[in-house]
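Visitor: Could you work out the structure for the sequence below:
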Amino acid sequence: MSDADLFLLEFLRLEGCGDLAQATCFCGEANPMFQCEDCHGTDLMCHTCTLCVHERQPLHRIECWNGTSFQVTTLKALGVRFQLRHPVGIQCINPKSASNNNFVILDCNGVHEVGLDFCGCESAQPHITQLPCVCLFPSTTTDPKSATTFCVLEYFQMLSFESKASVWEFYNTVARLTDNTGICVLKNHYESFLCMMKRCSQGHHPGGIKTIEAGTCTVLCPACPHPSKNLPVGWENAPLEFQFLYALFLAINANFRLIRRNVSSDAVDPRLNHGYAFFVEETEYKDILASRNRVGNAQEKSTCSSHSAVNLADTRASRGLAATGAGTIDCARHNFKCPCSVGNLQRGRVVYINMDYLFFSSMRSSRGVHVLNISYDIACQWNKNLWSHMSAFPHKFHLNHDEKVITFLVPKFHLPAHIARCQTRFSFNFIKGVGRTDGKAPERGWADINPLATSTREMGPGSRRDTIDDHFNDWNWKKVCAMVPEAEERARDLDEFEAALDADQLAGWRTDIEMWELDHSLPNPFEVKAGATVTQAAVHLALSKTEAEEIECGEHMSLDDDVSPLVLISSGIELEGQQHSKVKILQHVNTLHHRIDTWSRIQLLYMPCVSHLRSSHDITSEDKVHKINLFLPSSLPSSFPCDVHLLRYEWDLREAQANDVLSDLCTVINMTYHLYKYKDAFVRGQRVNTCAQGIIHSAESRIDAISVKYPAARDALVMLASKLGKNDDWRRILKPLDRTKDAVPLKHDEGKTVGQQNISWIWKMAGVSNNQEEGLQDSLRVEWCKARARAHQWEEEVLLLREEMCRVLAFFEWQAGWWDKQGTQCQFVSHEFTEGALTYAHRQATLCHRMSTHFRSLWEAVPSWTPTSVTMPLTCTP
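Guide: Okay, the predicted model is just below:
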């Protein structure tokens with residue numbers, strides 16, 4: 001029998017009484033009829049035992065055997081009563097039946113009608129208080145007729161966090177577990193269940209809910225700097241070069257899937273959360289927006305690229321929408337939502353006043369931080385009037401920006417869409433003190449929240465804000481629970497590059513960039529200077545000079561005395577194929593044959609052993625001139641003797657040849673790069689494009705030709721090194737050349753991000769800065785600045801990670817101490833409430849200690865891989 005058949009038979013057996021059909025109940029009574037779907041096992045029980053067992057389980061589902069099949073029944077029908085405020089088995093002397101004996105409780109296994117009795121004793125508490133005492137949450141505060149178990153509320157919350165299931169979907173799931181046939185139509189309790197989803201408080205606050213401060217019901221980022229919580233003593237006085245370790249990184253963004261249709265109102269659907277978590281307090285927010293709209297301030301138009309985020313802000317369709325999206329302020333390094341930093345957008349994609357308000361609101365909880373790095377897709381436009389806009393806000397939102405170091409940046413992903421000036425001025429890759437931050441933290445968080453949009457867009461204003469706040473808090477908590485060797489490679493790359501540059505020139509560049517890092521109003525060393533672009537005339541001149549040198553050296557292979565290859569390609573690009581004369585080619589081959597024959601005769605005077613390898617007829621009889629073996633010292637078999645002077649001569653000449661080839665290669669590659677840039681920027685039209693493409697093809701052909709020469713020279717050096725007993729030092733300088741990977745421009749990215757790019761070894765050759773080719777020096781300066789920034793940023797990233805780890809541990813220790821104090825903060829009227837508050841505070845403090853211990857064990861090996869070149873400043877010691 002197959003496994004499938006075996007399981008199928010077992011499923012069929014469970015449909016009946018099976019081997020329990022003739023058994024007695026465990027009390028001894030014969031013919032037991034009742035079976036519980038939720039108790040463990042399939043035992044049958046009698047009526048009395050069923051009632052006794054389920055006095056403490058009034059929400060279990062019961063089936064009754066009618067002789068042919070099991071039929072659904074309820075504990076209420078069997079006589080089970082659910083008495084509140086009295087121990088199990090003790091009946092109240094004055095029970096009050098709930099909702100005409102039709103009280104409904106929603107649990108994870110279905111919707112249950114129960115016989116529930118409130119306590120009517122003289123000392124009895126109100127009905128809405130009696131229900132929470134047995135972990136039931138009432139649907140209303142006046143005469144509740146239904147409730148949910150705390151278990152189902154917690155279950156739905158976790159399910160919603162992970163799957164983004166709506167209340168409607170979850171309620172229908174529970175209802176179908178009760179009856180999946182549609183025959184027994186249940187009364188719809190969806191509205192009641194929806195009301196029970198909304199809850200919020202801060203039980204340990206002495207003044208109660210009304211005195212809760214803004215943003216205090218959020219899960220904070222433990223790795224961000226929080227003065228007096230997780231920063232070391234004396235952090236304010238840290239050396240200037242280490243101030244970046246205590247910087248706050250913020251990212252501004254907007255989500256336009258989190259819309260809300262214009263349904264319901266604040267009066268019909270009030271919020272329970274009045275700015276205690278992530279959404280700002282709505283009344284004040286709307287008042288400030290309305291006051292600015294009355295003034296009639298127009299949205300500033302973008303002076304950068306045509307950002308639709310700015311230029312189309314007032315034209316975006318918003319018909320039928322109460323909110324066109326949500327703006328947020330996030331921690332840019334750790335992807336946490338900041339307290340009091342979320343607000344609805346009413347019109348347009350982004351209106352500056354909305355983001356101004358959210359930014360100043362979020363900064364109210366971080367005033368003590370001295371260094372701010374702010375990332376925004378359109379930071380180049382937004383920062384222009386930020387401080388003048390601040391004057392229109394109440395004084396509590398004002399930020400003393402003159403006493404802070406504030407840097408505005410554009411996320412790496414969005415930066416290429418900006419103009420060239422913005423790409424250097426607002427780049428994370430070039431600004432000192434930001435490590436490897438990319439500024440796109442909010443975008444990663446949207447992937448988690450976007451599935452929720454399909455349900456929140458139909459919600460009322462209060463329910464929507466409370467739901468999104470709850471999900472943002474869960475996002476932060478998951479980031480807490482989930483809470484770098486590349487720096488050495490970048491530092492080594494910079495050292496090799498600097499070794500190839502002129503020392504005086506390098507000192508000047510270093511001075512320029514250090515001054516710019518202190519004062520960004522100075523000329524930006526990352527920008528290519530005007531006039532450095534190579535023109536077509538310069539390219540013609542460069543190639544003509546190359547041809548003249550080849551003619552002088554006897555290496556020129558022109559097919560016409562008047563038309564050189566350069567002129568041939570640039571003026572006759574449309575002539576496809578080679579219009580050659582075989583007579584002239586044969587004449588050239590015959591001439592080359594004659595020169596080789598003459599040279600080989602002289603060679604025998606110095607290398608007579610060659611006569612044993614080549615006969616006098618080999619040269620003249622060879623049809624293809626390139627197949628003639630010249631038998632230079634490097635190509636002689638090891639068994640043949642050769643004068644050591646000749647070996648040394650060839651070594652010196654080959655080494656010089658290899659260096660010359662690499663120098664020429666750098667020159668032509670740089671020229672070709674600028675040709676492409678010039679063509680993309682200035683060349684328009686088919687005819688001109690064709691001519692330009694012909695020139696580029698000529699330059700590319702030149703690169704291919706040079707790339708062939710270098711391996712030949714290096715192969716000869718390999719053979720000579722073994723014969724002369726040379727060590728391998730020269731191999732670290734003259735490396736094997738890969739045409740596709742090594743013969744590339746300075747600005748070649750290989751598909752890597754800017755922070756992970758390497759400079760090809762050909763640009764690190766000694767003397768590369770002596771080449772005065774037009775544009776090359778400017779390119780070397782810019783690429784050295786980038787290499788320096790890469791090396792420094794990876795070191796900064798190591799320091800930031802170490803500091804953030806320390807801050808996480810310190811934050812948990814601080815939070816544990818804070819919870820220890822909260823248990824006695826509030827004076828309660830009864831001992832039970834006081835005990836509950838102390839127990840909860842102790843549980844939270846214990847959790848913080850456990851989190852601290854867990855992360856400490858995960859990170860205890862971190863110092864072992866920290867680069868030795870990185871020195872740590874003062875750190876917090878939790």
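Visitor: Helices along the stretch 251-400 of the chain, start to end?
Guide: Read by DSSP state H, counting those that start in this stretch, the stretch 251-400 of the chain holds these helices, from start to end of the chain: 282-295, 308-311, 352-363, 379-382, 386-390.
Visitor: Quick check: mean pLDDT of the first one?
Guide: Okay, so that is helix 282-295. Average pLDDT, helix 282-295: 80.
Visitor: Residues touching that helix, excluding its own?
Guide: Applying CB atoms under 8 Å, 6 or more residues apart in numbering, the set of residues contacting helix 282-295 from outside is 266, 271, 275, 343, 346, 353-354, 357, 392-394, 461, 465. Using the backbone N, CA and C atoms, a C-beta is placed for each residue, glycine as well.
Visitor: Return a ChimeraX selection command for the buried portion of those residues.
Guide: The ChimeraX command for the buried members of those (criterion: 16 or more other CB atoms under 10 Å) is given here:
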select :271,275,343,346,353,354,357,393,461,465
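Visitor: closest to Thr142 among the contacts of helix 282-295?
Guide: Proximity of these to Thr142 was ranked by CB to CB; the top entry is Arg271 with 20.2 Å.
Visitor: Please identify which helix or strand holds the residue lying closest to the closest one once chain neighbours are set aside.
Guide: Closest residue to Arg271 in three dimensions, ignoring its sequence neighbours and counting by CB to CB, 6 or more residues apart in numbering: Gly462, at 3.6 Å. Following DSSP states H and E, the helix or strand that holds Gly462 is helix 461-481.
Visitor: tell me which residues of that helix are tucked away?
Guide: Residues of helix 461-481 classed as buried: 461-476, 479-480 (neighbour count, 16+ other CB under 10 Å).
Visitor: now swap in stretch 81-101 and tell me
Guide: Along stretch 81-101, these residues count as buried under the neighbour rule (16+ other CB under 10 Å): 81-85, 92, 95, 98.
Visitor: mind putting the contacts of helix 282-295 in a markdown table, distance to Gly836 and pLDDT included?
Guide: As requested, those are arranged in a markdown table below (distance: CB to CB, whole Å; pLDDT from 0 to 100):
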| residue | distance to Gly836 | pLDDT |
| --- | --- | --- |
| Asp266 | 33 | 83 |
| Arg271 | 26 | 80 |
| Gly275 | 27 | 84 |
| Gly343 | 35 | 92 |
| Gln346 | 43 | 79 |
| Ile353 | 45 | 86 |
| Asn354 | 41 | 89 |
| Tyr357 | 39 | 92 |
| Ala392 | 46 | 84 |
| Phe393 | 41 | 88 |
| Pro394 | 39 | 88 |
| Pro461 | 33 | 89 |
| Arg465 | 29 | 90 |
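Visitor: Give me the buried positions along stretch 100-114.
Guide: With the criterion 16+ other CB under 10 Å, stretch 100-114 contains buried residues 103-114.
Visitor: how about the residues you listed, which pair is most distant?
Guide: Between all members of the buried residues of stretch 100-114, the farthest pair (by CB to CB) comes out as Phe103 and Cys108, at 18.0 Å.
Visitor: Averaged over its residues, which helix or strand of the chain has the lowest pLDDT?
Guide: When each helix and strand of the chain is scored by mean pLDDT, DSSP states H and E, helix 565-571 comes last, with a mean of 35.
Visitor: do you know how far Arg457 is from Leu372?
Guide: Remark: distance between Arg457 and Leu372 (CB to CB, to the nearest Å) = 34 Å.
Visitor: what's the answer for Cys422, then?
Guide: Note on Cys422: its distance to Leu372, by CB to CB, is 19 Å.
Visitor: now swap in Pro132 and tell me
Guide: For Pro132 relative to Leu372 (CB to CB), the value is 44 Å.
Visitor: more crowded one of those two?
Guide: Remark: of Pro132 and Leu372, Leu372 carries more neighbours, 18 against 13, as counted by other CB atoms under 10 Å.
Visitor: Which residue, other than its chain neighbours, is closest to the more buried one?
Guide: Leaving out its chain neighbours, the residue that sits closest to Leu372 by CB to CB, 6+ apart is Ile406, at 4.6 Å.
Visitor: Do a quick rundown of the strands in the stretch 601-750 of the chain.
Guide: Assigned by DSSP state E, counting those that start in this stretch, the stretch 601-750 of the chain shows no strands.
Visitor: make that the stretch 301-450 of the chain, sorry
Guide: For the stretch 301-450 of the chain, the strands identified by DSSP E, counting those that start in this stretch occupy 321-323, 325-331, 337-345, 371-376, 405-409, in order along the chain.
Visitor: Export those to TSV and append columns for distance to Arg61.
Guide: Formatted as TSV, the entries for those read as follows, by distance: least, CB to CB, whole Å:
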stretch	distance to Arg61
strand 321-323	42
strand 325-331	42
strand 337-345	41
strand 371-376	54
strand 405-409	59
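Visitor: Three-state assignment for Glu797, please.
Guide: Using DSSP: H, G, I helix; E, B strand; the rest coil, the secondary structure recorded for Glu797 is helix.
Visitor: wait, doesn't it sit right on Arg436?
Guide: Yes: taking contact to mean CB atoms under 8 Å, the distance of 4.4 Å between Glu797 and Arg436 places them in contact.
Visitor: what's the neighbour count on Met355?
Guide: 23.
Visitor: From Thr456, how far out is it?
Guide: Note on Met355: its distance to Thr456, by CB to CB, is 21 Å.
Visitor: Okay, Thr690 and His697: tell me how far apart.
Guide: If you measure Thr690 against His697 using CB to CB, the figure is 10 Å.
Visitor: Likewise for His60?
Guide: Relative to His697, and taking CB to CB, His60 is found at 83 Å.
Visitor: in stretch 448-456, what's buried?
Guide: Neighbour-count burial for stretch 448-456, counted by 16+ other CB under 10 Å, picks out 448-449, 452-453, 455-456.
Visitor: What's the mean pLDDT across that stretch?
Guide: In this model, stretch 448-456 has a mean pLDDT of 89.
Visitor: can you pull the contacts of Glu403?
Guide: When contacts are taken as CB under 8 Å, 6+ apart, Glu403 is in contact with His370.
Visitor: Give me the contact list for stretch 716-728.
Guide: Contact partners of stretch 716-728, identified using CB under 8 Å, 6+ apart, comprise 632-635, 638, 642, 644, 647-648, 650-651, 654-655, 658, 730, 734.
Visitor: Make sure I have this right: Phe82 is in a strand.
Guide: Yes: residue assignment for Phe82, taken from three-state DSSP, places it within a strand.
Visitor: Now do it, the pLDDT please.
Guide: In the prediction, the pLDDT value recorded for Phe82 is 86.
Visitor: Any regions of the stretch 401-550 of the chain where pLDDT drops low?
Guide: Across the stretch 401-550 of the chain, the stretches falling below the confidence threshold (pLDDT under 70) are 483-506, 509, 513, 516-517, 520-521, 524-550.
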